[in-house]
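Engineer: Give me coordinates for this.
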Amino acid sequence: MPDPPLLLAARRKPTSFTPVWLMRQAGRYLPEYRSLRARHGFLELCKTPQVAAEVTLQPIERLGVDAAILFADILLIVEPLGVGLEFAKGEGPVIRRPVRSEADVARLPTVDVASAVGFVFETVRLVTRTLPARVPLIGFAGAPFTVASYVVEGGASRDYLATKRLMREAPGAWHRLLTILADATAAYLNGQIAAGAAIVQLFDSWVGALAPDDYREFVLPHTRALIAALTPRTPVIHFGTGTGGLLPLLREAGGDVIGLDWRVDLDAAWRAVGDDVGVQGNLDPVALLSPPKTFEASVRAILRRAAGRPGHIFNLGHGVLESTPVEHVKALVDMVHDVSAR
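Structural biologist: As a prediction, the model looks like this:
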């Protein structure tokens, strides 16, 4: 069978329409997800392959999207490091034993990925047995900087003060930490690929907090090594937020498709990363809180900036917001397909 449209776009091949999927398309805005979540804790959902597969599949027929995104979490890979990962109600992920010194990094164990997150690989196998041939599964992981920022800060952060302090005051420990995370994440993504994921996305959600020189010194070598270690010929989407000033560096780090947030014009960002890669994005997630007739002009503007060039995957600039009406999400998917048909 011919490759699905999303895989063609990831390889910058022509498609008959612009493929679309959405970050967090399997999540809290869906009533069927909220029903499951009422009965299961978040980590329990992630660690129960049958349920995680169900969540992954929930939006596929309902929305008509062109890819499934694995239901998991970017921090699952750090739980075996013994840092005390919890998902506290109302707080999100919490690291009870943050890593903030050379001694803390030195104590981190080597992660046996196959035994630590084997449940994720089983979820991938279950999903790929069920998905229609036109819908590939996207595997994913957090990039080393973003995962490290959680581990160092102890949770989400606005200013990343502890993270930046460790980078500057103990650069050896910082590079050791990112090497540990990059090695484990490469094995994690390769495990997903071996289990059936056809494409993977690397989330560097918080890397926009860095200056370009800091990215070059403290992040780029590790992200580049991670991407280079992935299974050959598997397309990689490299995504970050607040990265308008870092886009050429993200491209240098690697990836077949560079994910764009909503803070940049798609055509200008594509020029910044170069014509030899695809781009993904980049509607503001808040747009979907309004009726479709309100956000249609924004959708058309993004597609106009892409100009029908091979290599564009439509997405939001970040994840679907919890309060988004499901019918608005469905309308967006249909709109992208209809407007971009060629």
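
Engineer: Now the terminal residues of stretch 140-158, how far apart.
Structural biologist: 24 Å (CA to CA, to the nearest Å).

Engineer: in that stretch, what's buried?
Structural biologist: Of the residues in stretch 140-158, 140-155 count as buried by neighbour count, 16 or more other CB atoms under 10 Å. C-beta coordinates here come from the backbone N, C-alpha and C atoms, glycine included.

Engineer: what's the answer for stretch 303-314, then?
Structural biologist: In stretch 303-314, counting by 16+ other CB under 10 Å, buried: 303, 305-306, 309, 311-314.

Engineer: coming back round to it: from the buried residues of stretch 140-158, which single one is nearest Leu36?
Structural biologist: Phe140 (19.9 Å; CB to CB).

Engineer: Which secondary structure state is assigned to that closest one?
Structural biologist: Recorded secondary structure, Phe140: strand (DSSP: H, G, I helix; E, B strand; the rest coil).

Engineer: got a list of what it touches?
Structural biologist: 69-70, 72, 74, 189, 192, 200-203 (CB atoms under 8 Å, 6 or more residues apart in numbering).

Engineer: Let's see which of these end up in helices.
Structural biologist: Judged by DSSP state H, the subset of these located in helices is 189, 192.

Engineer: sorry, back to before: switch the buried residues of stretch 303-314 over to a markdown table; also include pLDDT.
Structural biologist: Listed next are the buried residues of stretch 303-314 as a markdown table, based on pLDDT from 0 to 100:
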| residue | pLDDT |
| --- | --- |
| Leu303 | 98 |
| Arg305 | 98 |
| Ala306 | 98 |
| Arg309 | 96 |
| Gly311 | 98 |
| His312 | 98 |
| Ile313 | 98 |
| Phe314 | 98 |
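
Engineer: Could you count how many residues lie near Thr56?
Structural biologist: Using other CB atoms under 10 Å, Thr56 has 25 other residues around it.

Engineer: Counting by contacts, list what the helix or strand where it lies packs against.
Structural biologist: Take DSSP states H and E as the rule and Thr56 turns out to sit in helix 49-63. Using 3 or more CB pairs under 8 Å, 6 or more residues apart in numbering; DSSP states H and E as the contact test, the elements touching helix 49-63 are helix 31-39, helix 42-47, strand 68-69, helix 118-130, helix 326-340.

Engineer: ok, and the closest non-adjacent residue to Asp267?
Structural biologist: Distances taken as CB to CB, 6 or more residues apart in numbering place Arg305 nearest to Asp267, at 4.0 Å, with adjacent residues excluded.

Engineer: Okay, the one you found and Asn282: tell me how far apart.
Structural biologist: Separation of Arg305 from Asn282 (CB to CB, to the nearest Å) stands at 9 Å.

Engineer: Please, which helix or strand holds Val279?
Structural biologist: Applying DSSP H and E, one finds Val279 within strand 278-280.

Engineer: on that earlier part again, mind checking which of the buried residues of stretch 303-314 land in strands?
Structural biologist: 312-313 (DSSP state E).

Engineer: who does the helix or strand bottoming out on mean pLDDT in the chain pair up with?
Structural biologist: Every helix and strand in the chain was compared by mean pLDDT, DSSP states H and E; the lowest is strand 85-88, with a mean of 86. Take DSSP bridges as the rule and strand 85-88 pairs in its sheet with strand 92-95 (antiparallel).

Engineer: May I have the phi/psi pair for the closest residue to Val277 other than its chain neighbours?
Structural biologist: If the residues on either side of it in the chain are set aside, Val277 comes closest to Ile258, at 5.7 Å by CB to CB, 6+ apart. As for Ile258, its main-chain torsions (degrees, to the nearest 10) stand at phi -100, psi 120.

Engineer: give me the number of residues near Pro221?
Structural biologist: With other CB under 10 Å as criterion, Pro221 counts 16.

Engineer: how far away is it from Thr179?
Structural biologist: Taken as CB to CB, the span from Pro221 to Thr179 is 9 Å.

Engineer: same thing with Val99?
Structural biologist: 13 Å.

Engineer: Over to Arg168?
Structural biologist: Arg168 is 18 Å from Thr179, by CB to CB.

Engineer: Of those two, give the one with the bigger neighbour count.
Structural biologist: Of the pair Arg168 and Thr179, Thr179 is the one with more neighbours under other CB under 10 Å, namely 16 against 11.

Engineer: how far away is the more buried one from Arg100?
Structural biologist: On the measure of CB to CB, Thr179 and Arg100 end up 17 Å apart.

Engineer: just Ala182 next, same as before
Structural biologist: Counting by CB to CB, the gap from Ala182 to Arg100 is 20 Å.

Engineer: So between these two, which is more surrounded?
Structural biologist: Between Ala182 and Arg100, Ala182 has the larger neighbour count (other CB under 10 Å), namely 23 against 19.

Engineer: could you say which helix or strand contains the more buried one?
Structural biologist: helix 171-195.

Engineer: List the buried residues of that helix.
Structural biologist: 173-175, 177-193, 195.

Engineer: could you give the angle of it to helix 118-130?
Structural biologist: 30 degrees (axes from the mean of the first three to the mean of the last three CA atoms, to 10 degrees).

Engineer: So for helix 171-195, mean pLDDT?
Structural biologist: For helix 171-195, mean pLDDT rounds to 98.

Engineer: How far away from the center of its chain is that helix?
Structural biologist: Centre-to-centre, helix 171-195 and its host chain are 15 Å apart (CA atoms, centre = their mean, to the nearest Å).
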